[in-house]
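Student: Would you be able to build a 3D model of this:
(2 chains)
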Amino acid sequence: MRLSARQSIAREARIFAMMIETTRFGTLSIDESRVITLPEGLPGFESCRQFTVVPHPGGDDGKDGPFEWLQSIEDASLAFLAMDPHHVFPQYNPHLSAGELQSLGIEGIGRDSARVYALLTVPKGDPCGITANLMAPLVVNCRTLLGKQIVACNENYGLRHRLLPN
Amino acid sequence: MLVLTRRLNQSIKIGDDIEITVIEVRGDQVRLGVAAPKTVSVHRKEVYLQIQQENRASAMSSSDVPNLDAVSHAFKNRESH
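Tutor: Alright, predicted model coming up:
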């Protein structure tokens, strides 16, 4: 019994020194500081609880663009293109219930408490038609890296908000 | 699915912490009150389904890593104005 307890502790420690396979990015080494845990998963993906943040490859001048990927650790083929909506919409102000923020251990989505991600959808063959889900941002506690997708109460934010004008 | 019949002002308890009450019945509309811990999210089902659907669309739309250089470029041009 002592042996199996030691084995399970060793197994947990290995999670954060792990390499994972991904369909988009090949083999990735996981950095513990970039692992986000979603205790409830995401609507439509309730069993996917752990994601690592990967910068979007490419960019002509080498500077990091706003785009990031939330790569599932449990499912090699699952990843979401995402970005902080404030980058394109500096006035973005989703009204999120205090209770749901509290369940993440934060009071607001200021830069010092939270990271906010909007999941992005890219129409096939039309990257400039890229849209952001502003209605339900993914909110992550900066400190604990626990996150949840929370539906905003204000009605003017859409599911498919264009990033660029038509 | 568990199906229960309630009259006006009657309630249903889900677990220890969630209670749903029939507040008003008017024609074909039923007004429901939901008492739940603040940490539990409560939404009209259509909203939940929309989020679910959009998450799936997002995941599928990016199965090939798209080239977003044109988009990043357009952002930079906007910033410089």
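Student: Going by C-alpha atoms from here, please, whenever you check contacts or count neighbours.
Tutor: Noted.
Student: anything in the worst-scoring helix or strand of chain B on mean pLDDT near chain A?
Tutor: Between all helices and strands in chain B, the lowest mean by mean pLDDT, DSSP states H and E belongs to helix B:69-79, at a mean of 81. Yes. Using Cα under 8 Å from any Cα of the partner chain, helix B:69-79 reaches chain A at B:Asp69, B:Ala70, B:Val71, B:Ser72, B:Ala74, B:Phe75.
Student: repeat for stretch B:6-19
Tutor: No. For stretch B:6-19, no contact with chain A is found by Cα under 8 Å from any Cα; the gap never falls below 14.2 Å.
Student: for chain A, what helix or strand is lowest in average pLDDT?
Tutor: helix A:2-15 (a mean of 57).
Student: Show me what secondary structure element comes after that one.
Tutor: Per DSSP states H and E, the first helix or strand lying C-terminal to helix A:2-15 is strand A:19-22.
Student: who does the following helix or strand past that next one touch, helix- and strand-wise?
Tutor: Going down the chain from strand A:19-22, the next helix or strand is strand A:26-29, by DSSP H and E. Contacts defined by 3 or more Cα pairs under 8 Å, 6 or more residues apart in numbering or on different chains; DSSP states H and E place strand A:26-29 against strand A:19-22.
Student: List the neighbouring strands of the strand it packs on plus their orientation.
Tutor: According to DSSP bridges, strand A:19-22 forms sheet pairs with strand A:26-29 (antiparallel).
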